[in-house]
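Trainee: Just a sequence and a predicted model for now, questions to come.
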Amino acid sequence: MPSVLFYLFAAITLLFGVGVVVARNPVASALSLVCSFTGLAALFISLDAYFIGTLQILVYAGAVMVLFLFIIMLLDIKAAEGRQTNYATAVGGLLLAVLFTVQIAMVLGDFKEGNKTLADQTLNLGAAASKTSLNTIKDELAEGTLPDAKLMGFTLFDKYPFQLQVVGLLLLAGTVGVVVLSKRDRGGKEEVS
Amino acid sequence: MITLNDYLLVAGILFAIGLAGVVVRRNIIVIYMCLEMMLSAANLTLVAFSRFHLVDGAPDYAAQSLVFFTITVAAAEVAVGLAIIVALFRAKQSVDVESVTKLKG
């Protein structure tokens, strides 16, 4: 990926990320976050992670943010934050962010491994093809394309089948938990507070 | 050319922005969105390390599997968290974190 595109999408991700924090209106924050996540998905795709990039758009920018917008509009909180900003916390938060960024930059300055470019680390699809056992993946690798979703699915089901089932159970527990939490109390039971 | 450090720096700055948002904002929904941003920043570091650590000439799919699980857990977490926020709003008629002071000494 050309450097220009990296800088473009990194700028989109970071500027809309700042927009989430500074926007007064929660709807504007949510829409900024959608744009930020879309930029992040582009960065994922620039790292040859096509499946994860697609998932980022579908799950985060799609499903999760629609849920956020739905809740914001359900609760109708557009004017909830009309009060003055607390300048002590604003300065503290900014200082925290700057300190964290400076620390990351200093650590990365000493991280020699990190000076590799994408050109140094070209994908060797022929070598990958000779190592895989599954024929559909092997054929696509031999043709010179990266079957990202297939490799992802192969890893998930071959190496982590137990973890995949645990995550399925977690989603079930989450669904049941949400139903229980959002059920209105009809009897004399105590209110969730 | 773009190096691994560039990707890691972008992820670090994104995490810092989310952290600042969690500290500065008082609207509980915006705080929640900033938490999501921090999670995504961590995902970016994982994907970057996966691409720069080649296994047999292909990206390291163990790291991308971890990202897959993180995204799933984050989606479940958002659903539960927003249900809690709705319950909180019903009890307090507000989404300001300063309206929740019951545990304050």
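Mentor: Here it is on my side, so go on.

Trainee: Next, A:G168: phi, psi?
Mentor: Backbone torsions for A:G168, taken as degrees, to the nearest 10, come to phi -60, psi -40.

Trainee: Report the buried residues of the longest helix belonging to chain B.
Mentor: Assignment by DSSP state H gives helix B:61-92 as the longest helix of chain B. Residues of helix B:61-92 classed as buried by neighbour count (16 or more other C-beta atoms under 10 Å in any protein chain shown): B:61, B:63-69, B:71-72, B:74-79, B:81-89. No exception for glycine: its C-beta is placed from N, CA and C like everyone else's.

Trainee: contacting residues for the closest residue to chain B within chain A?
Mentor: Of chain A, the residue with the smallest distance to chain B, taken as C-beta to the nearest C-beta, is A:N124 at 2.9 Å. Contacts here follow C-beta atoms under 8 Å, 6 or more residues apart in numbering or on different chains; on that basis A:N124 touches B:L54, B:D56, B:G57, B:A58.

Trainee: And those residues, which is closest to chain A?
Mentor: Using C-beta to the nearest C-beta, B:G57 is the member of the contacts of A:N124 that sits closest to chain A, with 2.9 Å.

Trainee: Now do the contacts for residue 57.
Mentor: Picking chain A for this. A:I57 makes contacts with A:F37, A:T38, A:A41, as judged by C-beta under 8 Å, 6+ apart.

Trainee: ah, I was thinking of chain B
Mentor: Taking C-beta under 8 Å, 6+ apart, we find B:G57 in contact with A:L123, A:N124, A:L125, A:G126, A:A127, A:A128, A:K131.

Trainee: any idea which helix or strand carries the spatially closest residue to the third one that is not a sequence neighbour?
Mentor: Once flanking residues are discounted, A:L125 sits nearest to A:L141: 4.8 Å by C-beta to C-beta, 6 or more residues apart in numbering or on different chains. Assigned by DSSP states H and E, A:L141 belongs to helix A:135-143.
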